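*Asks:* need a structure here:
(2 chains)
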There are 2 protein chains.
Amino acid sequence: MPYELYYWAGIQGRGEFVRLALEEAGAEYVDVARRSGGESAMARLLGNTVEHPPFAPPFLKSGDLVIGQAANILLYLGAHHGLAPPDEEGRLWAHQLQLTIADFVDEIHDTHHPIASSLYYEDQREEAKVRAGDFVKARMPKYLGYFERVLEKTGSGHLVGSGLTYPDLSLFQIVAGLRYAFPSAMARLERQHPRVVALHDSVAARPRIAAYLASKRRIPFNQNGIFRHYPELDARA
Amino acid sequence: MPYELYYWAGIQGRGEFVRLALEEAGAEYVDVARRSGGESAMARLLGNTVEHPPFAPPFLKSGDLVIGQAANILLYLGAHHGLAPPDEEGRLWAHQLQLTIADFVDEIHDTHHPIASSLYYEDQREEAKVRAGDFVKARMPKYLGYFERVLEKTGSGHLVGSGLTYPDLSLFQIVAGLRYAFPSAMARLERQHPRVVALHDSVAARPRIAAYLASKRRIPFNQNGIFRHYPELDARA
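*Replies:* From the prediction side, this is the model:
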């Protein structure tokens, strides 16, 4: 039985971290909300019809199991598809990196929505400029520098040990997204983080990921997702 | 060998979710940063001296293992101290709830720091008022309502199954913190979330937690932590 992934149909968003793992695993899955009537099906599962209702998309249905929170879904997929170390120490380390990536994603989102997710960007543009300025100057280098150091330590081109794990896939997505959202800041920062860039390139070149990226399953970056390109937010780089 | 907990000495912060689990487990631990020279020791471990450097406190040292990210530490402690279900489904569900609590904590933090953690509250007070207004009106009821529904489903007074798990301890902390930070909004919302309040009370009455709360190990809420009381942010309730 294929997995069922539930996530908003029009954006990569937090669902993309799950999609990349499913694609790299070669797992069969249905992207439910992109099918006719799919968003209604998603809404039903967010209600009280399941034993363990998720708070928000993405969530993954695996048989009767409904798993929410992107990092938690990856914890599950990592264990079942060889995308995480089998030992406890490695498993925890991979998950720790993923949770740090999740924090990074939250901060990226809040550059364009510092006041409220329920308001339009245009209604918080001035605040977004200030928040994005701090993000580009302080937070983006701090996170990228951290992952660069982790990669320097392993020396393997991977974040965890010597092989691919799910945080590698997620860091690929971070680089791809930052290039879309903050091209000017990212062009400058990439020079200082060659290992992070090399990891991006090696993930992009993996046969299953390359095929996915070239397919219609990969939704293009757009102005509704987490990574949005507003030139005025990139300008302070 | 006792655990070593590393977290900022003057605040409950994200370290408190770990402290509560250690206390409930009756685990021996040293709160390293609160000892003389402890914050320097913490800074060393945040550097490149360990194989798996954390991005930020809190982190826990268990023998040679260094584990970062509060939810990840709880994943570890839950498995080793009977604070999570032993089966995969229950373990994932407990962790999913914890990650949702972590998202809630991030939003609570950002009510007083919507623009940048590196700036003073006073420099983002106007933005904080707008963000806190949305938080109190929309986000706080959404999160509390979610946990109320989860408690309604179990009917056990616990979030997961019929016994105490680590997300129960964390939800206790959320209620305690919201009472401190948003007393007016919380007084109103508590009436609509009786199960959440009852869970808070039952956790507070557990012998080890009660002893902890009465001890000097429990740092009082203060204006440097995640939960801060600014009357102007509570006013829109």
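
*Asks:* low-confidence ranges in chain A?
*Replies:* Along chain A, the parts satisfying pLDDT under 70 run over A:236-237.

*Asks:* how's it carved up into domains?
*Replies:* Chain A breaks down into these domains under automatic domain parsing: A:3-80, A:88-206+A:224-234.

*Asks:* so where do the strands sit in chain A?
*Replies:* A:3-6, A:29-31, A:59-62, A:65-68 (DSSP state E).

*Asks:* so which of these is nearest chain B?
*Replies:* Closest to chain B of these is strand A:65-68 (Cβ to the nearest Cβ; 4.9 Å). C-betas here are computed from N, CA, C, even on glycine.

*Asks:* residues making contact with the closest one?
*Replies:* Here strand A:65-68 makes contact (Cβ atoms under 8 Å, 6 or more residues apart in numbering or on different chains) with A:45, A:50-56, A:58-61, A:73, A:76, B:89, B:92, B:96, B:100.

*Asks:* among those, which lie within helices?
*Replies:* Counting by DSSP state H, the part of the contacts of strand A:65-68 found in helices is A:45, A:73, A:76, B:89, B:92, B:96, B:100.

*Asks:* what about the fifth one, neighbour count?
*Replies:* Taking other Cβ atoms under 10 Å in any protein chain shown as the neighbour definition, B:Leu92 ends up with a count of 24.

*Asks:* does it touch A:Asn72 like I think?
*Replies:* Yes. In this structure B:Leu92 lies within contact range of A:Asn72 using Cβ atoms under 8 Å: 6.0 Å.

*Asks:* what's the neighbour count on the nearest residue to A:Leu74 once chain neighbours are set aside?
*Replies:* Of all residues not flanking A:Leu74 in the chain, A:Tyr166 sits nearest, at 4.6 Å (Cβ to Cβ, 6 or more residues apart in numbering or on different chains). Residues near A:Tyr166, counting by other Cβ under 10 Å, number 30.

*Asks:* next one: the one 4 residues further on
*Replies:* With neighbours defined by other Cβ under 10 Å, the count for A:Ser170 comes to 26.

*Asks:* again with the one 3 residues further on
*Replies:* When neighbours are defined as other Cβ under 10 Å, A:Gln173 has 20 of them.

*Asks:* and if you look at A:Glu51?
*Replies:* Neighbours around A:Glu51, by other Cβ under 10 Å: 12.

*Asks:* how about it, what does it touch?
*Replies:* Here A:Glu51 is in contact with A:66, B:153 (Cβ under 8 Å, 6+ apart).

*Asks:* OK, contacts around A:Tyr6?
*Replies:* Contacts of A:Tyr6 by Cβ under 8 Å, 6+ apart are A:32-33, A:38, A:41-42, A:45, A:57-61.

*Asks:* what's the answer for A:Val50, then?
*Replies:* A:Val66.

*Asks:* show me what from chain A comes close to chain B.
*Replies:* By the rule Cβ under 8 Å from any Cβ of the partner chain, the part of chain A lying against chain B is A:48, A:51-55, A:65, A:67-69, A:71-72, A:75-76, A:88-89, A:92-93, A:95-96, A:99-100, A:103, A:106, A:110, A:114-116, A:118-119, A:127, A:130-131, A:134, A:138, A:143, A:146, A:149-150, A:153.

*Asks:* reformat the strands of chain A as CSV; add distance to B:Ala21.
*Replies:* Output for these, formatted as CSV (distance: least, Cβ to Cβ, whole Å):
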stretch, distance to B:Ala21
strand A:3-6, 31
strand A:29-31, 34
strand A:59-62, 25
strand A:65-68, 21
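
*Asks:* still on that earlier bit, buried subset of the residues of chain A next to chain B?
*Replies:* Listed as buried from these are A:52-55, A:65, A:67-69, A:71-72, A:75-76, A:92-93, A:95-96, A:99-100, A:103, A:106, A:110, A:114-116, A:127, A:130-131, A:134, A:143, A:146, A:150; burial here means 16 or more other Cβ atoms under 10 Å in any protein chain shown.

*Asks:* to B:Ser162, which of the domains of chain A lies closest?
*Replies:* With respect to B:Ser162, and counting by Cβ to Cβ, the nearest of the domains of chain A is domain A:3-80 at 13.8 Å.

*Asks:* now the end-to-end length of that closest one.
*Replies:* Counting by Cα to Cα, to the nearest Å, you get 12 Å between the two ends of domain A:3-80.

*Asks:* swap in stretch A:8-18?
*Replies:* 13 Å.
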